[in-house]
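Engineer: Return a 3D structure for these sequence lines:
(2 chains)
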Protein chains: 2
Amino acid sequence: MSLLAAITRPTLLISERRCRANIQAMADKAKRNQLRFRPHFKTHQHAVVGSWFRDAGVNAITVSSVSMAEDCVRDGWKDITIAFPFNIREIEAVNRLAAKVNINILIADQNILPTLVAQLDKTLGVFIKIDTGYGRSGFHPEHEEKLIRTIVDDLAIGGLKFKGFLSHPGHSYAAQHKDDIVRIHKAAMRWMLQLKSAYHPQYPQLELSLGDTPCCSIMEDFRGITEFRPGNFVYYDLVQAALGACTPENIGVVMACPVVVGAKESAKKLLIHGGAVHFSKDHLIDPITASPFYGKVVSWQEDKNDWGGIRDGMQLVKLSQEHGTVNGDSSQLQTYKAGDLIFILPIHSCLNANLMRLENTLIV
Amino acid sequence: MSLLAAITRPTLLISERRCRANIQAMADKAKRNQLRFRPHFKTHQHAVVGSWFRDAGVNAITVSSVSMAEDCVRDGWKDITIAFPFNIREIEAVNRLAAKVNINILIADQNILPTLVAQLDKTLGVFIKIDTGYGRSGFHPEHEEKLIRTIVDDLAIGGLKFKGFLSHPGHSYAAQHKDDIVRIHKAAMRWMLQLKSAYHPQYPQLELSLGDTPCCSIMEDFRGITEFRPGNFVYYDLVQAALGACTPENIGVVMACPVVVGAKESAKKLLIHGGAVHFSKDHLIDPITASPFYGKVVSWQEDKNDWGGIRDGMQLVKLSQEHGTVNGDSSQLQTYKAGDLIFILPIHSCLNANLMRLENTLIV
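Structural biologist: Next up is the predicted model:
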């Protein structure tokens, strides 16, 4: 039975070739910049994909929750940064992990310091979260300069291991143009290097950690930074292609969905099994119709056991819980009938892969 | 340790009192109308919540996927309608289920008929999907009158069990006003009863199945219909409250999320652990600010071990993968600090509960 014949339900196909190439390109960039490559694992959350990172020489990783860190410890990872403002309700769970492997956490609210000093395992590394312009969390390097100094001092006084400064310039995802990404990256670099200048004399082991897929994909200069933490790049998606962080060909995952209702003359659409519980509701806006869409259709190349290019004009335009609606030209739609599979590039692979979980993925 | 002290991560709290009341109200309405109550289980997907339906006398249910049907068969349900256009790739899985329990499926594309005739277990019931105005799938009772007749005949010729007509007037979710829901329900009833008149002489066992939470909650008259299939109503959510299908007090679930960054003077917001992987990206639009929001904050009543009313002015206004941002007045925000829990009513409980899965829910 062919690969496709075995697919009966919405399935996330992961292209080993594309993902390994994405990983290698980022590993090479890290090497050129003498950076530690600490990829974020929140996108794939997949042990086999994790092994491809190991093959590329990665031994330090990033996650965005304690439960993800627990999964990665079970998978054998021994150096993990939990890049999320520390939740003191999880202090026991984090201490249990720190007893086994190297764990770094993030402080983004100074009020948790007394709890950390009193209860946190002192072998953990603590990064101070810096807001380099995204505005989601962290301390502003200029407006909160004194507060940052107080936190650094209090960490030392409390016997905690001050590891350095960490930032996520996530506003790069909202860039309208590549120039915006250049500007965001340069500003983030400048703020981080200023902090290094200020604290390096006292803390020569100080680390600077930066990371977001658009900047890490597009920019070349990371001199002075210790490590970068891109995550989405392993799969990329249509958002990243729209930003210019990748080409559509670099996108490492595609959804294979059963067509359940073929095109009718009276309604130029297909109905598929593939809804919000598979794709997520993240969308892009079509520049011509100004309407949201949730994915783009690609062809399937049976001889290569791989997908091909985007079928222009076909889009996943509606989602309910389990249903998806694909529109397009009649001539395109007529090539699909109920029982066929249709292949759709995701808008946001992080949410898509999280929904599909391991049991609904297939490596091709 | 109190209930709340044990919560360390985003958790969906399910109020047994509210959910049982929602179930009972719908069971009573079914009884008044001499309807079979065949609730949709796609919203809760939870064995314990399922047992509350059993307690209310329910023994026939609806699901939206074969995998959900498999779960429900494991939970002991013996009469299940898979209310999704039949996916012929799952024919073997469905036949396996039909060997154990009563299963009904839905036909929404006449081209799958030869496959059904050749391969489907003949004990299965087949509903013909009728489009009563939603436009997502199904046959139009007027424009496709002849096609419907052909399908009914072909089912009989092929030895398949024609069960009746099924419709989901899901356009009720987009209603702007209660009057729209009244209009949608009356139109759906009219179409369905017309079909009954046409086919009842030949098929006296013919069933009519309708279902969507707004119509089933708001309308009283279902005379002539065999069964209704509301699903969302067990939990309800802010969408249903906005439609007038429930009051905020009827909403049976709330998210408990750890606050990870308290309010700063300079930024009137809280950061919480609770993001798109917990809430989904479904949103409502605030009528005053015209901005999207992803949830509303309620108070917690420690003495009652239950949540209270909505804290006006506080909203979940931004979501990334794991992070949520809550805004509000300074005086409200100051009552939360890092490490506290915050309680948030969901926009769309179906997607929210699907994301939280059993392992991240708690019955209160």
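
Engineer: Any idea how many residues pack against A:Ile157?
Structural biologist: A:Ile157 has 10 neighbours, counted by other CB atoms under 10 Å in any protein chain shown. Just so you know, the C-beta spots here come from the backbone N, C-alpha and C atoms, and that holds for glycine as well.

Engineer: nearest residue to the residue nearest the centre of chain A other than its sequence neighbours?
Structural biologist: Nearest to the mean C-alpha position of chain A, counting by CA atoms, centre = their mean, stands A:Asn232 at 3.0 Å. Distance criterion CB to CB, 6 or more residues apart in numbering or on different chains; nearest residue to A:Asn232, sequence neighbours excluded, is A:Thr213 at 4.1 Å.

Engineer: For the one you found, grab the count of nearby residues.
Structural biologist: 29.

Engineer: residues touching it, list them.
Structural biologist: A:230-233, A:236, A:240, A:245 (CB atoms under 8 Å, 6 or more residues apart in numbering or on different chains).

Engineer: export those to TSV and tack on distance to A:Lys161, secondary structure and pLDDT?
Structural biologist: Shown next, in TSV, are the contacts of A:Thr213 (distance: CB to CB, whole Å; DSSP: H, G, I helix; E, B strand; the rest coil; pLDDT from 0 to 100):
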residue	distance to A:Lys161	secondary structure	pLDDT
A:Pro230	25	coil	98
A:Gly231	24	coil	97
A:Asn232	29	helix	98
A:Phe233	29	helix	98
A:Tyr236	35	coil	98
A:Gln240	34	helix	97
A:Ala245	34	coil	96
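
Engineer: and those, which are buried?
Structural biologist: Buried members of the contacts of A:Thr213, counted by 16 or more other CB atoms under 10 Å in any protein chain shown: A:230-233, A:236, A:240, A:245.

Engineer: Just flag the most distant two among those residues.
Structural biologist: A:Gly231 and A:Ala245 (12.2 Å; CB to CB).

Engineer: Isn't A:Arg311 up against A:Gly295?
Structural biologist: No - in this structure, A:Arg311 is not within contact of A:Gly295 by CB atoms under 8 Å, at 11.5 Å.

Engineer: The residue nearest to the centre of chain A contacts A:Thr43, correct?
Structural biologist: Yes - A:Asn232 lies in contact with A:Thr43 (CB under 8 Å); the separation is 5.1 Å.

Engineer: any shared contact partners between the two?
Structural biologist: Common neighbours of A:Asn232 and A:Thr43 (CB under 8 Å, 6+ apart) are A:349-350.

Engineer: how about the residue nearest to the centre of chain A, what does it touch?
Structural biologist: Counted by CB under 8 Å, 6+ apart, A:Asn232 has contacts A:40, A:43, A:213, A:240, A:349-350.

Engineer: cool, A:Pro248 as well?
Structural biologist: Residues in contact with A:Pro248 (CB under 8 Å, 6+ apart) are A:238, A:241, A:296, A:309-310, A:345.

Engineer: likewise A:Ala267?
Structural biologist: B:Gly135.

Engineer: Repeat that for the one 5 residues further on.
Structural biologist: By CB under 8 Å, 6+ apart, A:Ile272 lies in contact with A:257-260, A:316, A:323-326, A:342.

Engineer: repeat that with 10 Å
Structural biologist: A:10, A:255, A:257-261, A:278, A:295, A:297, A:316, A:319, A:322-326, A:336, A:338, A:340-342, A:344, B:85, B:87 (CB atoms under 10 Å, 6 or more residues apart in numbering or on different chains).

Engineer: sorry, back to before: and of the contacts of A:Pro248, the nearest to chain B?
Structural biologist: Minimum distance to chain B across the contacts of A:Pro248 is 15.2 Å, recorded for A:Leu238 (CB to the nearest CB).

Engineer: I'd like the distance between the closest one and B:Phe293.
Structural biologist: Distance, A:Leu238 to B:Phe293, using CB to CB, to the nearest Å: 25 Å.

Engineer: the more surrounded of the two?
Structural biologist: Using other CB under 10 Å as the criterion, A:Leu238 and B:Phe293 rank with A:Leu238 on top: 24 against 20.

Engineer: So that one is in contact with A:Asp286, correct?
Structural biologist: No - applying CB atoms under 10 Å as the test, A:Leu238 and A:Asp286 come out as separate, 11.2 Å apart.

Engineer: list residues touching both of these two?
Structural biologist: A:Phe293.

Engineer: re earlier: from the contacts of A:Pro248, which ones fall inside helices?
Structural biologist: Using DSSP state H, the members of the contacts of A:Pro248 that fall within helices are A:238, A:241.

Engineer: Please produce JSON lines containing the contacts of A:Pro248, extended by pLDDT.
Structural biologist: Output for the contacts of A:Pro248, formatted as JSON lines (pLDDT from 0 to 100):
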{"residue": "A:Leu238", "pLDDT": "98"}
{"residue": "A:Ala241", "pLDDT": "97"}
{"residue": "A:Lys296", "pLDDT": "98"}
{"residue": "A:Gly309", "pLDDT": "97"}
{"residue": "A:Ile310", "pLDDT": "97"}
{"residue": "A:Leu345", "pLDDT": "98"}
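
Engineer: ok, which pair from the contacts of A:Pro248 is furthest apart?
Structural biologist: Most distant of the contacts of A:Pro248, by CB to CB, are A:Leu238 and A:Gly309, 13.4 Å apart.

Engineer: per-residue pLDDT, A:Glu359?
Structural biologist: On pLDDT, A:Glu359 comes in at 88.

Engineer: That one: what's it in contact with?
Structural biologist: A:9, A:11, B:67 are the contacts of A:Glu359 under CB under 10 Å, 6+ apart.

Engineer: Counting neighbours, which of those comes out on top?
Structural biologist: A:Thr11 (23 neighbours).

Engineer: ok, that one to chain B distance?
Structural biologist: 11 Å (CB to the nearest CB, to the nearest Å).

Engineer: what's across from that residue in the sheet?
Structural biologist: A:Ala256 (DSSP bridges).

Engineer: give me every residue that touches it.
Structural biologist: Taking CB under 10 Å, 6+ apart, we find A:Thr11 in contact with A:3-4, A:254-258, A:274, A:278, A:341, A:356, A:359-362.

Engineer: just the buried members of the residues you listed?
Structural biologist: For these, a neighbour count by 16+ other CB under 10 Å gives the buried set as A:4, A:254-258, A:274, A:278, A:341, A:356, A:360-361.

Engineer: and the residue lying closest to A:Asp154 once chain neighbours are set aside, what element?
Structural biologist: Nearest residue to A:Asp154, sequence neighbours excluded (CB to CB, 6+ apart): A:Leu113, at 5.3 Å. Using DSSP states H and E, A:Leu113 maps to helix A:113-119.

Engineer: chain center to that helix: distance?
Structural biologist: Relative to its parent chain, helix A:113-119 has a centroid offset of 30 Å by CA atoms, centre = their mean, to the nearest Å.

Engineer: how long is stretch A:355-363 end to end?
Structural biologist: 16 Å (CA to CA, to the nearest Å).

Engineer: Now do the shared contacts for A:Gly231 and A:Ala245.
Structural biologist: Counting by CB under 10 Å, 6+ apart, the residues touching both A:Gly231 and A:Ala245 are A:212-213, A:216.

Engineer: export these to JSON lines and tack on pLDDT and secondary structure?
Structural biologist: Converted to JSON lines, the shared contacts of A:Gly231 and A:Ala245 look like this (pLDDT from 0 to 100; DSSP: H, G, I helix; E, B strand; the rest coil):
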{"residue": "A:Asp212", "pLDDT": "93", "secondary structure": "coil"}
{"residue": "A:Thr213", "pLDDT": "96", "secondary structure": "helix"}
{"residue": "A:Cys216", "pLDDT": "97", "secondary structure": "helix"}
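
Engineer: Just to be sure, A:Ile82 is in a helix?
Structural biologist: No - A:Ile82 sits outside any helix when classified using DSSP: H, G, I helix; E, B strand; the rest coil, being strand.
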